[in-house]
Each structure stands twice: as structure tokens, then as C-alpha cells.
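S.K.: What follows is a predicted protein model with its sequence.
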Amino acid sequence: MHQKMYLKALVLYLLTWIAGAAYHPQTINNKLRPKSAAKSFGSSVIFPVSGNVYPKGYYHVSISIGEPPKPYFFDIDTGSDLTWLQCDAPCTKCTPAPHSLYKPKQNLMTCQDPICASLHEPGNHNCRAPHDQCDYEVDYADNGSSLGVMVKDSFPLKFTNGTTVAPQLAFGCGYSQEVQDSTHLPYTDGVLGLGTGKSSILAQLRSKGLTRNVIGHCLSGQGGGFLFFGDDFLPDSGIVWKSILSQSKHYSLGPADLQFGGQATNIKGLPIVFDSGSTYTYFTSKAYKALVSLIKGDLNGKQLKEAVEDKSLPVCWKGAKPFKSIRDATTYFKPLALSFTNAKNVQFQMRPEYYLVVTGQGNVCLGILNGGDVGLENINVIGDISMQDKLVIYDNEKQQVGWAPANCNRLPKS
């Protein structure tokens, strides 16, 4: 990734792996009970999630901002730090959105604010006068970007301990957005940055003593799911944990070897990043080509033919008749697994339904893409498609990411 990837949201997150012998396939939803609210540190917040991998291509939450509070839809992105909204400042380049543009009200953040400094690389923070505004620019790996000014406003949040608090939080007021693919825009008002940096909403809530810096999401393969802030909803057992690499600006979990149908392959040492801001999973160019070759070789003699006419994704196949659901297609494909080389018995499992999609034309397409096509260089990104039907937890307190199979169709009770 190039220099600005410290704020990049494109593609990296964490998912569902399972320790070999310790893996029990039962779901864990029945254990997602809030722990005692009588804790010394804050509480948790839970949000219903909307969206899907296909055909929408994103998952979002609704969060209200301002006084009086107004709702906005945010794309959930653990691959970037900064939260931003399209903004009437005025807006010079905005995309269609579900709600009216956010209007700032004398609430600009000054450039001397520590959060402003965290948005700029050392030596590149121009703050000539203490009361100058804080400008930001965030660039994403898909060549999208947002340019604007930092503001602070109230975020009314209902916590699981029964309290409602409206802290003043910093976010970007974006007046110029660039998008690469205008035909597949997320229909949202902005991006919810849940990365590891100081400017993230979670880091700000943590600094105010309101919640621990722990994020969890459960994205349903049927669409929808839930997102939570804080550690009240962590199951007591069943989660596989992997430490985050030190000094990493992303949820980077280190190298992993790919298994195909339970067997080792020559695809080894892949640096893995978890990113809910990426719809699909991305492998480096070399690993991607090797994987496509493995899959095509395994499909030889089976009743599938390449569907070059289907442009939904780069590699698609058609059956004897159109597939009605992903379940119809999965029998032709083998499961994948990422086995982490710097941890014992830590695997991230990807059954076929978590790396394939069935398109509107009834074909089945590979949902693992070539990261070289979007400038990811040597990074392999685990995206939404591979995180479906799993509880994925980003624990910034203990510097670890965890996952377990889960029923994402039911909101945990508070």
C-alpha cells in the first residue's frame, strides 16, 4: 500500500477462523448475553445492520448526529480510522445519498486538536495558527477519496446499562468525494471508520471513559446483522483469537498458508488483513492466479462451464441450469482455510458460500479478487463475503482479533 494507506479503508478485516481441535460448529448466539452492567468502565452500544454482499455490496448502520438528532447511514469500515459524512459546507462534489447533507454549525475542529494531528503524517501537519480549521483527506485503496474539514457534534447513544449519552465526537465533514465506480455506489451518507487509529469513533469513546475499544460485527449471509461497541457482548468461550501485529496501522494478523479442500497448497506466507470496508476478499496477484488455477483444475469434469458473458465478477461459471441459491452451487467447490503460521492451530475457515456469489443471471462467481488490480500490492484482505455468519471481534484493548460461527439474524438481547 502506498503512503496514505494509514487512513485507507478499502479492504481488511477479520474473520471466522477456528482452531482445529478446539472447533465446535455450534453457533454462539445463545451465549451473547451482556455481562453485568456494574463494571468499572463504561458499557456497550449495539446497532442493527442492513445490507448484503450481493447485490448491494455493502453493510451499513444508522447513527444519529446533532441536536436535534438526525439519522445518517454509514458504511461499516474497519479498514480506515476516520468517520465522515457528506456535508453541505457547501458540497462541491457529493454522491446521491439517502438523507439530506449534514450542515455544520460553527463546530469546526481546530488544527491544534490532537485528533487533527493524528490524521496527518509526522512533519506533514500544517497548523500555522492555533485556531485554523482542521482539513482532512482520506484516500482508499479503490482510488476513492473524501476531502473536507473536521467538525465535532453530539452522537446520542443508548448504552446497554440503560443510560443515554450524547458525547461530542470528531468526524469529517466531506465536501468533495471521488469514486471510481459510480455505477455501484454504496447508498450511504458516509463512512464509519472503525480502524486502529486515534481518530476512530471507538478510540474517542474510549478516551471519554464511555466504552472499551472493542468492536464486534455479525454480518448475515441472508442480509442484515448487528454491530456493537464495547465488550458486554463477548461470548465466554468459543472464539478463536489471533494477535494483531505490533506497529500495524490495520487489523493485520500476520502470514497464513492457504489450504484447499483440507490439503496444503503452495500458496504460503500471505500477509492477512481484516477489513469490513471491502465487500470481497482480495489475494495478492500471484496467490490469486494460483487459487484460480486450483479451482479450475478441480472443476475439470464437473458440470460447470465458464460464463465469460457474465460480467458481475471476473471469474464466473454456469451450470446445466441457472443456480437459484448459493447452496445449489457449493457442492461443486471445496472449502478454503487460512492457517496462520505464527500461531498454533489458528485457522480462518472459508466454506464455498463464503467465497462465492450467485448472480442475477443464475451463475456462480468467485468472490475472491485480484488485489493487484486495486493496488493492494502484498496485502491480502479478508472482506465481508468471508466474514458472513461469523461473530468477528476487533479487540483494541488486548490487540487481538477473534471469530466464531454465529447466528447473525438475531440481535443479542440487552
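M.R.: Looks like it arrived, so ask away. Values in this document were obtained by computation on a predicted structure and should not be read as measured data.

S.K.: Next one: residue 289 from residue 296, what distance?
M.R.: 11 Å (C-beta to C-beta, to the nearest Å). For the C-beta atoms, the positions are set from N, CA and C on the backbone; glycine is no exception.

S.K.: Okay, the most centrally placed residue in the chain and residue 293: tell me how far apart.
M.R.: Geometric centre of the chain, nearest residue: residue 276, 1.1 Å, by C-alpha atoms, centre = their mean. In this view, residue 276 and residue 293 are 29 Å apart by C-beta to C-beta.

S.K.: just residue 186 next, same as before
M.R.: Taken as C-beta to C-beta, the span from residue 186 to residue 293 is 32 Å.

S.K.: now swap in residue 368 and tell me
M.R.: 13 Å.

S.K.: okay, these two: which has more neighbours?
M.R.: Between residue 368 and residue 293, residue 368 has the larger neighbour count (other C-beta atoms under 10 Å), namely 28 against 10.

S.K.: if you skip the residues just before and after it, what's nearest to the more buried one?
M.R.: Distances taken as C-beta to C-beta, 6 or more residues apart in numbering place residue 281 nearest to residue 368, at 4.7 Å, with adjacent residues excluded.

S.K.: and that neighbour, how many neighbours?
M.R.: What residue 281 shows, counting by other C-beta under 10 Å, is a neighbour count of 30.

S.K.: Repeat that for residue 263.
M.R.: With neighbours defined by other C-beta under 10 Å, the count for residue 263 comes to 9.

S.K.: likewise the one 10 residues further on?
M.R.: Counted by other C-beta under 10 Å, the residues lying close to residue 273 total 30.

S.K.: That one pairs with what?
M.R.: Taking DSSP bridges as the rule, residue 273 bridges to residue 252, residue 381.

S.K.: So it sits against residue 377, correct?
M.R.: No. Between residue 273 and residue 377 no contact is recorded; they are 11.7 Å apart, counting by C-beta atoms under 8 Å.

S.K.: residue ranges for the helices of the stretch 251-400 of the chain, please.
M.R.: Using DSSP state H, counting those that start in this stretch, the helices found in the stretch 251-400 of the chain span residues 285-299, 326-330, 384-387.

S.K.: measure stretch 357-367 end to end?
M.R.: For stretch 357-367, the first-to-last residue distance is 6 Å (C-alpha to C-alpha, to the nearest Å).

S.K.: any idea of the mean pLDDT for it?
M.R.: Stretch 357-367 shows a mean pLDDT of 97.

S.K.: Show me what counts as buried in it.
M.R.: 357, 358, 359, 362, 363, 364, 365, 366, 367 (16 or more other C-beta atoms under 10 Å).

S.K.: Can you tell me which of those residues is closest to residue 258?
M.R.: The nearest member of those to residue 258, counting by C-beta to C-beta, is residue 366 at 14.1 Å.

S.K.: looking at the sheet around the closest one, what are its partners?
M.R.: In beta-bridge terms (that is, DSSP bridges), residue 366 pairs with residue 356.

S.K.: ok, now which ones touch it?
M.R.: 292, 295, 313, 314, 315, 316, 355, 356 (C-beta atoms under 8 Å, 6 or more residues apart in numbering).

S.K.: Let me see the contact set for the first one.
M.R.: Residue 292 makes contact with 315, 366 under the criterion C-beta under 8 Å, 6+ apart.

S.K.: And it, how far from residue 313?
M.R.: For residue 292 relative to residue 313 (C-beta to C-beta), the value is 12 Å.

S.K.: which parts of stretch 262-275 are buried?
M.R.: Across stretch 262-275, burial judged by 16+ other C-beta under 10 Å covers 267, 270, 271, 272, 273, 274, 275.
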